[in-house]
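# My questions concern the predicted model and sequence given below.
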Number of protein chains: 4
Amino acid sequence: MIVMEAHASQTQVRAVVQRVRQLGFTPHVSHGRERTIVGVVGHETDTDLDSLGALEGVERVVRVLHDYPLASRDFHPMDRTITLANGAVLGGGGVLMMAGPCAVEGIEQLEEAAACVAAQGVRVLRGGAFKPRTSPYSFQGLGEEGLRMLRSVADSHHLMVITEVLASEDVELVARYADVLQVGARNMQNYRLLQACGAVDRPVLLKRGLSATIDEWLQAAEYILSGGNQQVALCERGIRGFEPSVRFTLDITAVPVLKRLTSLPLVVDPSHAAGRADYVGAIARAAVAAGADGLLVEVHPRPAEALSDGAQSLDPIAFQTLVGEVNRIASAVGRAAP
Amino acid sequence: MIVMEAHASQTQVRAVVQRVRQLGFTPHVSHGRERTIVGVVGHETDTDLDSLGALEGVERVVRVLHDYPLASRDFHPMDRTITLANGAVLGGGGVLMMAGPCAVEGIEQLEEAAACVAAQGVRVLRGGAFKPRTSPYSFQGLGEEGLRMLRSVADSHHLMVITEVLASEDVELVARYADVLQVGARNMQNYRLLQACGAVDRPVLLKRGLSATIDEWLQAAEYILSGGNQQVALCERGIRGFEPSVRFTLDITAVPVLKRLTSLPLVVDPSHAAGRADYVGAIARAAVAAGADGLLVEVHPRPAEALSDGAQSLDPIAFQTLVGEVNRIASAVGRAAP
Amino acid sequence: MIVMEAHASQTQVRAVVQRVRQLGFTPHVSHGRERTIVGVVGHETDTDLDSLGALEGVERVVRVLHDYPLASRDFHPMDRTITLANGAVLGGGGVLMMAGPCAVEGIEQLEEAAACVAAQGVRVLRGGAFKPRTSPYSFQGLGEEGLRMLRSVADSHHLMVITEVLASEDVELVARYADVLQVGARNMQNYRLLQACGAVDRPVLLKRGLSATIDEWLQAAEYILSGGNQQVALCERGIRGFEPSVRFTLDITAVPVLKRLTSLPLVVDPSHAAGRADYVGAIARAAVAAGADGLLVEVHPRPAEALSDGAQSLDPIAFQTLVGEVNRIASAVGRAAP
Amino acid sequence: MIVMEAHASQTQVRAVVQRVRQLGFTPHVSHGRERTIVGVVGHETDTDLDSLGALEGVERVVRVLHDYPLASRDFHPMDRTITLANGAVLGGGGVLMMAGPCAVEGIEQLEEAAACVAAQGVRVLRGGAFKPRTSPYSFQGLGEEGLRMLRSVADSHHLMVITEVLASEDVELVARYADVLQVGARNMQNYRLLQACGAVDRPVLLKRGLSATIDEWLQAAEYILSGGNQQVALCERGIRGFEPSVRFTLDITAVPVLKRLTSLPLVVDPSHAAGRADYVGAIARAAVAAGADGLLVEVHPRPAEALSDGAQSLDPIAFQTLVGEVNRIASAVGRAAP
């Protein structure tokens, strides 16, 4: 929709109408008391209508429709589900718990963490082998060695593996070891990586960028979907805000918004937003109550010794409490326990 | 704590130390590898230490402690409660539901709304008589006439009344009709109003400012508490964010953060953040799951005809569903039903 | 403009059209490939069209036009100016410098500050007598005693006085001493105060709220203008952001945006955003280069001893440097020196 | 610095002190009236002290020092400069103008744009061959064919080329054609790409992420610097905010903040924040007045036909006006003209 300036001339309006026709759209002119508005009808996704804002007399161009046909619920009204090899299902009524350490630090730490989460009925193990770190001097992960540990420890506990992939050139490598690929918040608009994830035969969990709008997030999902990979889930993990007492502001409202706009499964990561272990439980409970299909939780056998994210990792006892609470909430809202 | 610049001289450090002593504090100098840091110990609340940032060689002044002694949980470790005349209690384990129309529009609308919420077991009626509206041309509320309607309709349903007070000069008037005074988000730092609320014998529900930090919010509560009114509750109602598809971003993480920092009761208003009725349920469920002590919900007999906030008001059927869901969540987390 | 859902029925569209007509507007229905859109033409400012969002089948209501007829440039195309009693003019080509201490602390401090700013050719003295402080335990200003000092010191230097008014009940008092009333950021949506400012015969400088959109800010100005006071100027002073190294994020883009939307004069306060004296110069230069009509700067004879905002106050030497720089920028962009 | 809780026990403090020692740091315990604080002195960059937050009795861990030794001005106090092959210099007193179309669309458009900017004395041509687009259905750039056009058109006008590189695997290819590599906002924390840029012999212009703090941005620069490439410049291009009338909020305060923290050259891109061509001039003037070392401006021969970013691209006449204004501002602040 193109809003003309209050004093736009007839000639300026005609020029806009003509340009809209040239681009293959149908213009609808509507003369208001103060302004003229030119509605534009047609398939918008492959043309940059914003450039019409450069025409004389145009005040602004307002987009009304969404640019993510494949991700939208309009296209696929039923909730979509992702079923993993061990039978765990993301989406479709249950609440899937994915848990484990922030980073794979060594075989012992991982084994302890896996045993701890498996004991609580968890069926998907998380753990980072390639870590995106703010500082070049921080621990960057164990790389392929970490992937190998993840696979072997997960197998021994009948767990599936979810782990982050940082770059398009690593997609094939990570897919060899992992059951679910995770694209991190900092890479949400790394389009080359999204395209590589669109071409691989693995479910992808796409985290929301630190300040991504929901529209941008769904368009990022569209990159993967339009590449041919239909196994996409979204993960809200907190957005950047002004409050200094938390790392990120978990956007709980995004849960019902996404449930309306898309049928892709939705996971919430309560650990990164919290920044403190004692906030994780409340956020996790809220997420399930609001309608999240899954949780991604950081658990560490000894948080104070963690090489990354120790302050927000749950120890085994806190994790056990969390699982109990989440189960009760899930039942209360009529969903299968995680 | 005062962080000196990397190249600060001994003389500059001495000047800072001397000034800290003059102000009646005890300085602790700590020489690091790169910088010198001057710790300041003492009761900070009545001195503007930030001005020390103007001394030469000072990089910045970092505050470590909180400026709200009366509001803090350190001061009052046990959860505080507010008991209303009809026995309804805010805080201390239960979940108190407060519901009603955004604005009092007339006696019929209010009567219908009150009957609807009372039928669901609600014991506190909300409704605005003085409305803070963004535009001077919008409906501004019925004023004292609206207060009178609120009182009489509430009484006939054995409901308590919560309503907004916009200015210090109205506090006495509103307190004559209402059981709980509400200070709105736009007035969170209207210190004259806060002071007037500190001098009145009515509980006050203090909403969070649109972009207030938790620290600023608790200092605003401190204005009321330090005025002598100990009946203060807080209300999270969404903060300003960058996401265009919602009116505000409900800060669910604020729930556990506040529960740690303060023992004041905490209410969540799911309606204003949502901006759409179909998002209200998810946010309300999340709030109770996270630990909120109460909810403040907009209910209107016929939302499409509302004079304000119609899009986010629940109709009677949607409200009934919400109450059922919230009750189940409250039970699941071991709290009395609302 | 009302966007219907993708699967909205004919009946739902008809219901929306009928309701639009009932409200006295003219509906324009436009059937797109995916959705139907109902354009609404008419004077929007006194009806809450947002409530149409509650009708079935409506996805959302998008506002296209502005809600501030009196403030808009469409209404008053020529730049407006405010002329003070000593001949100083705000708006219309020059750059008006207003400077002085954050708070009036005593007659000596004020006299020194006034002498310092007058020596640089400044014609308007700023200084707070009523201070809005985040903490109830901070220095709250000298009140009427401070106003009296401001008046007498200003008079002796042929300066005009700008000072903050905190509450509607103080407007008359402050207007007795001050030449320009300042409404602070925290009070931008204190509508009672705005209404009182609309009824007084004094220019009003309206600061932007900490997270106010430009639309909300102009609607706040509309409260004053619609009350009958046409002497309104705006002041950008930094918005709340996520960056911890500054107090606020000065929104320089607001300068050209406001120059397009309104013809009211625009002032920039570089001191509050900076939070550090050594950032003030760069922001002040930027503001004038971008097109601000005036500056509001904190100057203190001895910043390290200030009772408030010392860290960001300029000392006399830094202020002299600033004035020289600003003069050169003003000349470079073809504007009269401040 | 580790802040203990108000009621932390002696044993808890001892445990923290012991852990600090184990990690190789020196603890300084300071007992305040309410709380104990443990200062930690040592080189912080390679250890995750945040995990200490997981110890019992710890309220939070506050970082005082910066994590970017190579980027900091402490390390390299003198302003750094980057000299290109045609003698154009970024940093060190002048203002370097870089201009051209958002995307390379074809040889004719590029030739016209290059002629236009060269005619204004510009010595660096910008233009995107690999475009990061929010939607997978938008024009993605001409790839290597675009790079070839850039090189040949630039050469014929004696211009240097700056163009974006999207992925680590393209660094070598882009470096073959371009004189300066640009890392876009969405890739600011694409660490693999930063590492590849650290290993190449080309200057790198690192744009700020949409919601990156200055600290995160400088740590991203540190990835390139620590890889061995000392030719790094920063580019502020607007941050995500809540204001709907602009695309991004240009953070002008970042200019003096960065000038204090780092000696790396600083560029401002006024086009992306503006979102409208008629805002670009004001932002560009502000940037130079505040102290930016360079500008990156979008110029298109016919903006209304642009395949991307047309609304914010300057046409040749507007660009000529901009260059004149910027030159006058640059002179006014004592800097060589661009």
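Now that the structure is in, tell me what you want to look at.
# Which strand or helix spans A:V38?
strand A:36-41 (DSSP states H and E).
# So which elements touch that strand?
Counting contacts by 3 or more Cβ pairs under 8 Å, 6 or more residues apart in numbering or on different chains; DSSP states H and E, strand A:36-41 is packed against strand A:2-4, helix A:10-22, strand A:26-31, strand C:26-31, strand C:36-41. Quick note: C-beta positions are derived from backbone N, CA and C, even for glycine.
# now check the following helix or strand past it, is it near chain D?
Next in sequence after strand A:36-41, counting helices and strands by DSSP H and E, comes strand A:58-61. Yes. On the criterion Cβ under 8 Å from any Cβ of the partner chain, strand A:58-61 is in touch with chain D at A:60-61.
# Give the rounded mean pLDDT of strand A:58-61.
Strand A:58-61 shows a mean pLDDT of 83.
# Now find how far off-centre whichever helix or strand comes after it is within its chain.
Downstream of strand A:58-61, the next assigned helix or strand under DSSP H and E is strand A:82-83. Averaging C-alpha positions (Cα atoms, centre = their mean, to the nearest Å) puts strand A:82-83 16 Å from its chain's average.
# Just checking: what are the partner strands of strand A:82-83?
Using DSSP bridges, the strands paired with strand A:82-83 are strand A:89-90 (antiparallel).
# And the next helix or strand after the strand it pairs with, what does it pack against?
Reading on from strand A:89-90 to the C-terminus, the next helix or strand found by DSSP H and E is strand A:96-100. When contacts are defined as 3+ Cβ pairs under 8 Å, 6+ apart, strand A:96-100 sits against helix A:107-119, strand A:124-126, strand A:294-298, helix A:316-332.
# if we can go back for a sec, can I get the helices and strands packed on strand A:36-41 in a markdown table including mean neighbour count?
Shown next, in a markdown table, are the helices and strands packed on strand A:36-41 (neighbours: other Cβ atoms under 10 Å in any protein chain shown):
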| stretch | mean neighbour count |
| --- | --- |
| strand A:2-4 | 23 |
| helix A:10-22 | 16 |
| strand A:26-31 | 16 |
| strand C:26-31 | 16 |
| strand C:36-41 | 21 |
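# what's the closest of those to D:M160?
helix A:10-22 (34.5 Å; Cβ to Cβ).
# follow-up on the earlier one: strand partners (parallel or antiparallel) of the strand holding A:V38?
Counting by DSSP bridges, the strands paired with strand A:36-41 are strand A:2-4 (antiparallel), strand A:26-31 (antiparallel).
# just the angle between the longest one and helix A:10-22, please?
Translated: strand A:26-31. Here strand A:26-31 runs at an angle of 160 degrees relative to helix A:10-22 (axes from the mean of the first three to the mean of the last three Cα atoms, to 10 degrees).
# chain center to strand A:26-31: distance?
On Cα atoms, centre = their mean, the centre of strand A:26-31 falls 38 Å from the chain's centre.
# Using CSV, write out every CA atom in that strand.
Below are the C-alpha coordinates for strand A:26-31, written out as CSV (Å, rounded to 0.1, in the frame of the first residue of the first chain):
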residue,chain,number,x,y,z
THR,A,26,-2.9,-4.0,-10.0
PRO,A,27,-3.2,-0.6,-8.4
HIS,A,28,-6.4,0.5,-6.5
VAL,A,29,-6.5,4.2,-6.0
SER,A,30,-8.5,5.5,-3.0
HIS,A,31,-9.0,9.2,-2.4
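# which residues touch it?
Under the criterion Cβ atoms under 8 Å, 6 or more residues apart in numbering or on different chains, residues A:13, A:16-17, A:20-21, A:36-42, C:28, C:30, C:39, C:41 lie in contact with strand A:26-31.
# outside of the strand holding A:V38, which residues touch it?
A:1-4, A:8, A:13, A:16-17, A:20, A:25-30, A:49, C:1, C:30-33, C:37, C:39, C:64.
# can we see that at 6 Å?
Outside of strand A:36-41, the residues within contact range by Cβ atoms under 6 Å, 6 or more residues apart in numbering or on different chains are A:1-4, A:13, A:16, A:20, A:25-30, C:30, C:32.
# ok, these vs chain D, which is closest?
Nearest to chain D among the contacts of strand A:36-41 is A:V16, at 9.4 Å by Cβ to the nearest Cβ.
# Tell me how many other residues surround the residue of the stretch 51-200 of chain A found nearest chain C.
Chain C sits closest to A:D74 of the stretch 51-200 of chain A, with a gap of 4.4 Å, by Cβ to the nearest Cβ. The tally of other residues near A:D74 (other Cβ atoms under 10 Å in any protein chain shown) stands at 18.
# And for A:P77?
10.
# cool, and A:P316?
Neighbours of A:P316 (other Cβ under 10 Å): 18.
# Identify the spatial nearest neighbour of it, chain neighbours not counted.
Leaving aside its sequence neighbours, A:P316 sits nearest to A:C116 (Cβ to Cβ, 6 or more residues apart in numbering or on different chains; 4.4 Å).
# What helices and strands are in contact with the one helix or strand A:V267 maps to?
For A:V267, the host element (DSSP H and E) is strand A:266-268. Counting contacts by 3 or more Cβ pairs under 6 Å, 6 or more residues apart in numbering or on different chains; DSSP states H and E, strand A:266-268 packs against strand A:232-236, strand A:294-298.
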